[in-house]
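> I need the structure of the sequence given here:
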Amino acid sequence: MTDQPSMSEPTATPTCQTIELQLTGYPDENYRWGGGRIRPTRVAITTLNDRRIAHLYGTWVSENDEATNDPCDQLYRHDDDWPDWLTALADKHRPHGLIARPGSPTTGRDEDDPRADGLDELRAQSETAQKQADAWAARVQELSRMIAQREEQAACERTAP
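Reported below is the predicted structural model:
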């Protein structure tokens, strides 16, 4: 007779944590996708296993130091060069609990996957990928809206007397 794994209590292991912070008084950062800078107003820092990302939101400041009300943002991935102040902020708000996928090298324990078939890890990775896809889809929509808005502004400026 084959030993069957015993049914245990359901468990929930955090795999990701995001904290969103309102910012005031932080320095402008060079805007990666063109001239000018981003004046930080908000950041969302996501910790996933041994990686972190930061999504910095703010207003665009022109190369001539003219502040605008135009929203802009940029993403800092775990392997990007982060501004020192942003790294310090992420360190300060690092989650206290262990965040790991079942069976991941971070935990080092196969018993975290009760069926020992790797499905829990694959499901966790799939969930993470879906969240990332959703975030990118939202970003594409936001960028499309910003492009349409700027195109409309340019068209109005061309037709203004």
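
> the longest helix along the chain - contacts with which helices or strands?
Taking DSSP state H as the criterion, the chain has its longest helix at helix 119-159. Judged by 3 or more C-beta pairs under 8 Å, 6 or more residues apart in numbering; DSSP states H and E, helix 119-159 is in contact with strand 67-76. C-beta here means a position set from N, CA and C on the backbone, and glycine is covered the same way.

> let me know the angle separating the longest helix of the chain from strand 67-76.
Between helix 119-159 and strand 67-76, the angle comes out at 150 degrees (axes from the mean of the first three to the mean of the last three C-alpha atoms, to 10 degrees).

> the host helix or strand of R39 - what's its average pLDDT?
R39 is located in strand 37-48, with elements delineated by DSSP states H and E. Averaged across strand 37-48, pLDDT comes to 94.

> could you check the angle helix 119-159 makes with the next helix or strand after it?
Once the chain leaves strand 37-48, the next helix or strand it forms, by DSSP H and E, is strand 51-61. With the same axes, to 10 degrees as the basis, strand 51-61 and helix 119-159 are set at 10 degrees to each other.
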